[in-house]
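Trainee: Structural data only, the sequence is not supplied:
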């Protein structure tokens with residue numbers, strides 16, 4: 001039975017560096033692992049009233065069902081103000097509620113952060129790790145994946161430099177080993 005990996009990009013921009021990196025990573029998974037990008041931009045802002053007085057929006061119900069069908073999560077994210085993007089935080093929130101019914105619970109996760117500068121999304125990577133801990137998602141610890149100066153690593157067709165791709169292959173290989181344990 002194959003394993004399904006959701007790849008969640010923490011940026012909405014069509015040509016974002018995170019999206020380009022994610023697309024490069026789709027083909028790094030071995031046979032028996034199917035990775036696909038899951039969109040998060042369509043989700044309305046989380047509102048706890050959905051749990052009581054308001055009906056849960058259709059987009060949220062569909063997203064929760066979609067995420068429930070995956071075995072593991074790969075997050076490829078930029079850094080926004082030393083943290084994760086609002087759209088990513090919203091996606092995490094809508095699929096974690098109502099309390100005690102989190103769709104994320106127990107799903108192995110890996111994080112690849114990137115930035116156009118030299119800090120490599122370090123702040124975003126570690127903020128996301130804090131959230132994933134609360135969501136009870138076992139997260140790949142090593143190798144850590146921080147991609148600095150991401151525009152310099154992509155060619156005009158969005159293909160990653162060979163050395164970066166080789167490094168990301170080690171991340172995927174370690175992630176697959178983590179997935180096997182769950």
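Mentor: Now that the structure is in, tell me what you want to look at. Please read all numbers here as calculations on a predicted model, not as lab measurements. Numbering: from 1, shown residues only.
Trainee: Secondary structure element for residue 65, which one?
Mentor: Secondary-structure element containing residue 65, defined by DSSP states H and E: helix 58-68.
Trainee: The helix or strand following that helix pairs with which strands?
Mentor: Of the helices and strands lying after helix 58-68 in sequence (DSSP H and E), the nearest is strand 72-78. With DSSP bridges as the test, strand 72-78 is paired with strand 3-9 (parallel), strand 109-114 (parallel).
Trainee: mind listing what's buried in the helix holding residue 65?
Mentor: 60, 63-64, 67 (16 or more other C-beta atoms under 10 Å). From N, CA and C alone the C-beta is placed, and that goes for glycine too.
Trainee: Any stretches of the protein with poor pLDDT?
Mentor: Counting by pLDDT under 70, the chain has no low-confidence residues at all.
Trainee: okay, which residue is most central for it?
Mentor: residue 75 (1.7 Å; C-alpha atoms, centre = their mean).
Trainee: Beta-bridge partners for that residue, please?
Mentor: Going by DSSP bridges, residue 75 forms beta bridges with residue 8, residue 111.
Trainee: which residues touch it?
Mentor: Neighbouring residues of residue 75 by C-beta atoms under 8 Å, 6 or more residues apart in numbering: 8, 10, 88, 109-112, 128.
Trainee: biggest separation within those residues, which pair?
Mentor: Pairwise distances across the contacts of residue 75 (C-beta to C-beta) peak at 14.5 Å, for the pair 88 and 110.
Trainee: follow-up on the earlier one: packed most tightly, which of the strands paired with strand 72-78 would that be?
Mentor: Among the strands paired with strand 72-78, ranked by average contacts under mean count of other C-beta atoms under 10 Å, first place goes to strand 109-114 (a mean of 26).
Trainee: just to revisit the earlier point, packing partners for the helix holding residue 65?
Mentor: Other elements packing on helix 58-68 under the criterion 3 or more C-beta pairs under 8 Å, 6 or more residues apart in numbering; DSSP states H and E are helix 86-94.
Trainee: looking at this structure, which residue lies furthest from center?
Mentor: Most peripheral residue of the chain (C-alpha atoms, centre = their mean): residue 53, 30.7 Å.
Trainee: Is residue 164 part of a helix or strand, or is it coil?
Mentor: Here residue 164 is recorded as helix under DSSP: H, G, I helix; E, B strand; the rest coil.
Trainee: The one 10 residues further on too?
Mentor: In the three-state summary, residue 174 is assigned as helix, counting by three-state DSSP.
Trainee: Could you report the neighbour count for it?
Mentor: 16 (other C-beta atoms under 10 Å).
Trainee: With adjacent residues omitted, what lies nearest to residue 114?
Mentor: Sequence neighbours aside, residue 147 is the residue nearest to residue 114 in space, at 3.8 Å (criterion: C-beta to C-beta, 6 or more residues apart in numbering).
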